[in-house]
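K.L.:
The amino acid sequence is not available; the structure is as follows:
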């Protein structure tokens with residue numbers, strides 16, 4: 001059944017408020033609703049997180065309360081915001097929940113174009129374009145990621161580090177920074193100085209010096225300290241929460257994925273590269 005106000009044209013007539021008797025047309029509410037629904041469906045939000053919102057987020061600690069407050073402020077101010085967000089915390093504290101809630105509420109409130117990508121999935125799609133039997137192009141995959149008005153990049157640092165990974169992520173992040181487009185990141189890796197005595201990797205080791213420096217320029221860092229709610233489930237007894245809180249402190253102090261000590265060589269300042277490194281996958285060399 002067509003819309004009674006606009007007859008499905010997307011424009012509805014209204015009377016000029018100046019009392020001149022002149023009628024004009026404005027966008028119909030049905031058009032805005034349809035555009036919002038279309039942009040939500042195109043945002044690639046995983047089914048598990050499609051019902052996430054800020055009101056439903058568990059705030060059992062002061063850290064989580066502050067995280068939600070900052071996310072609400074970001075949504076309310078969008079698009080007049082200077083910096084994006086980087087949500088930092090151990091697995092299971094709700095980083096992806098908050099990030100997708102922010103993305104959803106911005107699309108619903110403003111009609112902005114938005115995208116969600118797990119970093120590993122995004123890099124996999126880009127790699128696939130190097131296969132000659134795949135019709136998609138590298139530019140075709142990267143362009144909507146760069147141009148989205150609001151982008152969520154989930155699990156930053158999870159991809160095994162390589163020259164190609166650093167160059168590709170730097171292209172995406174730096175372009176969005178230069179174009180003043182806002183990005184929300186999540187990561188399991190803490191933002192602290194590397195410790196020679198610890199095998200736990202930190203954020204700068206996973207993303208490289210250039211990206212790490214850019215993140216500090218383009219994002220507000222939000223540390224989320226809490227238990228792993230995936231392990232707690234519905235059991236919120238004091239004993240369970242105490243046990244998981246102790247585990248969370250252990251993870252924060254070095255329980256994140258580790259690397260061998262020889263990998264400390266990556267802490268050197270970025271070397272000058274000639275662009276000829278063979279990356280040892282079917283796509284060939286960087287920039288193919």
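P.N.:
Everything's here; your move. Please read these numbers as outputs of a predicted model, since none were measured by experiment.
K.L.:
And the strands in the stretch 51-200 of the chain?
P.N.:
84-88, 114-118, 150-154, 182-187 (DSSP state E, counting those that start in this stretch).
K.L.:
now the helices for the stretch 101-250 of the chain?
P.N.:
Listed in chain order, the helices of the stretch 101-250 of the chain (DSSP state H, counting those that start in this stretch) span 119-128, 138-147, 163-178, 203-207, 209-218, 229-232, 238-250.
K.L.:
most neighbours per residue, which of these?
P.N.:
Comparing those by mean neighbour count (mean count of other C-beta atoms under 10 Å), helix 203-207 ranks first with a mean of 22. (Glycine included, C-beta is placed from N, CA and C.)
K.L.:
I'd like to know which elements that one is packed against.
P.N.:
Applying 3 or more C-beta pairs under 8 Å, 6 or more residues apart in numbering; DSSP states H and E, one finds that helix 203-207 contacts helix 209-218.
K.L.:
now the angle from the helix it packs on to helix 163-178?
P.N.:
20 degrees (axes from the mean of the first three to the mean of the last three C-alpha atoms, to 10 degrees).
K.L.:
Any stretches of the stretch 51-200 of the chain with poor pLDDT?
P.N.:
Scanning the stretch 51-200 of the chain for pLDDT under 70 picks out 197-199.
K.L.:
can you pull the contacts of the nearest residue to residue 64 once chain neighbours are set aside?
P.N.:
Leaving out its chain neighbours, the residue that sits closest to residue 64 by C-beta to C-beta, 6 or more residues apart in numbering is residue 226, at 5.4 Å. Residues in contact with residue 226 (C-beta atoms under 8 Å, 6 or more residues apart in numbering) are 60, 61, 63, 64, 89, 93, 94, 248.
K.L.:
Just the buried residues of those residues.
P.N.:
Taking 16 or more other C-beta atoms under 10 Å as the criterion, what is buried in those is 60, 64, 89, 93, 94, 248.
K.L.:
Which residue, other than its chain neighbours, is closest to residue 181?
P.N.:
Distances taken as C-beta to C-beta, 6+ apart put residue 149 closest to residue 181, at 6.4 Å, once the chain neighbours are dropped.
K.L.:
I'd like the helices of the stretch 101-250 of the chain written out as CSV, with distance to residue 28 added.
P.N.:
What follows is the helices of the stretch 101-250 of the chain, written out as CSV (distance: least, C-beta to C-beta, whole Å):
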stretch, distance to residue 28
helix 119-128, 36
helix 138-147, 27
helix 163-178, 33
helix 203-207, 45
helix 209-218, 37
helix 229-232, 42
helix 238-250, 50
